[in-house]
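Asker: Sequence first, predicted coordinates after that:
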Amino acid sequence: MSITVRQITKLYGDQKALDNISFEIKTGEIVGFLGPNGAGKSTMMKILTGYIPQTEGKATVCGFDVNEESEAVKRSVGYLPESNPLYFDMYVKEYLEFIAGIYGLKNKTARVNDMVGITGLTPEQHKKIGQLSKGYKQRVGLAQALIHDPQVLILDEPTSGLDPNQLADIRQLIIELGREKTVMLSTHIMQEVEAICGRVIIINQGKLAADDKMDALRKNKISTHTFYAEYDKPVDTQKIKQIKGVRRVETAGANAYVIEADTQFDIRTDLFQLAVKEGLTLLTVKKSEQNLEDVFRSLTKK
């Protein structure tokens, strides 16, 4: 296993940021690490990268204990924190050569040139970091995380500030990196997780809320489907509520309704039959596909 977490708890005074968390991540997996603000995501990442110690439990990265072998862990991990601390007065290549020197890399110039090309920094490579847009600063942060060719990448909001074109490039880069490395990705952009990750870990209020493959997560953690129906005339919502499996009905404009029903019921036929019975025309009916955002909300809402 590239990452092993066993019963990790982290206390800040009396506050429990992480509460008995356990999971494993294999080599070659790209795992989305999700949770609402304050759930403990950044705390877990800082523990895995050796920045802070846990209060209880044990964690290893590439077989190295994060407390007892922290230097080996840091050599094995590429970390892009959410804050992305950079030296704004340094030039892009100057900064990357500085990071390469910290890791004691040979052929620093060649490695820096590789990172500039891989992360799409070529157009801005001769600028000071402080002159870059937020998106290009993110690319510099990703380049420093990759420069020592780590086995594990821990990325906290790696696509923050990127425009759609940049985002597509970085998304593809992460997918390619995931073929050889272990990637732990934290983001609030659910579409990114669905596009990149094969597995998702969700924590909420410091506790593990879910850990499963993407498809299984959608299938097993969602108890309702959402339907949209539009008629040519108003419908008594109480009659819609009488359809078997319907939990909730809301109006969505003139003669239109959003209906929540249990997943074992596909009520589209019932909505059509209701129209026939009431002498109405069903103009539109569609079933919304459940996505990761639905799963996330169902597991983390208070």
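Answerer: All right, it came through fine.

Asker: Any figure for the gap between Asp211 and Val200?
Answerer: Asp211 sits 8 Å away from Val200, going by C-beta to C-beta, to the nearest Å. Glycine gets a C-beta too; all of them are placed from N, C-alpha and C.

Asker: Neighbour count: those two, which is higher?
Answerer: Of the pair Asp211 and Val200, Val200 is the one with more neighbours under other C-beta atoms under 10 Å, namely 25 against 17.

Asker: looking at this, that one is in a helix?
Answerer: No. Looking at Val200 with DSSP: H, G, I helix; E, B strand; the rest coil, it is strand, so not inside a helix.

Asker: Could you check the pLDDT of it?
Answerer: Looking at Val200, its pLDDT stands at 95.

Asker: That one contacts Gly35, doesn't it?
Answerer: No. In terms of C-beta atoms under 8 Å, Val200 does not count as a neighbour of Gly35; the distance is 10.6 Å.

Asker: what comes up buried for stretch 81-88?
Answerer: Neighbour counts over stretch 81-88 (16 or more other C-beta atoms under 10 Å) mark Pro81, Asn84, Leu86 as buried.

Asker: distance between the ends of it?
Answerer: One end of stretch 81-88 to the other measures 16 Å (C-alpha to C-alpha, to the nearest Å).

Asker: Could you do stretch 109-128 as well?
Answerer: First-to-last residue span, stretch 109-128, C-alpha to C-alpha: 17 Å.

Asker: For this protein, which segments are assigned as strands?
Answerer: 3-12, 15-25, 30-34, 56-61, 64-65, 77-80, 152-156, 182-186, 199-204, 207-213, 224-231, 246-251, 256-262, 282-288 (DSSP state E).

Asker: got the contact list for the third one?
Answerer: Meaning strand 30-34. If you take C-beta atoms under 8 Å, 6 or more residues apart in numbering as the criterion, strand 30-34 is touched by 25, 41, 44-45, 174-175, 178, 182-187, 190, 193, 196-203, 296.

Asker: Listing partners with orientation, what would you give for that strand?
Answerer: Strand pairing for strand 30-34, using DSSP bridges, gives strand 182-186 (parallel), strand 199-204 (parallel).

Asker: Ok, which of the ones you listed comes nearest Gln15?
Answerer: Proximity to Gln15 (C-beta to C-beta) singles out strand 199-204 among the strands paired with strand 30-34, at 15.1 Å.
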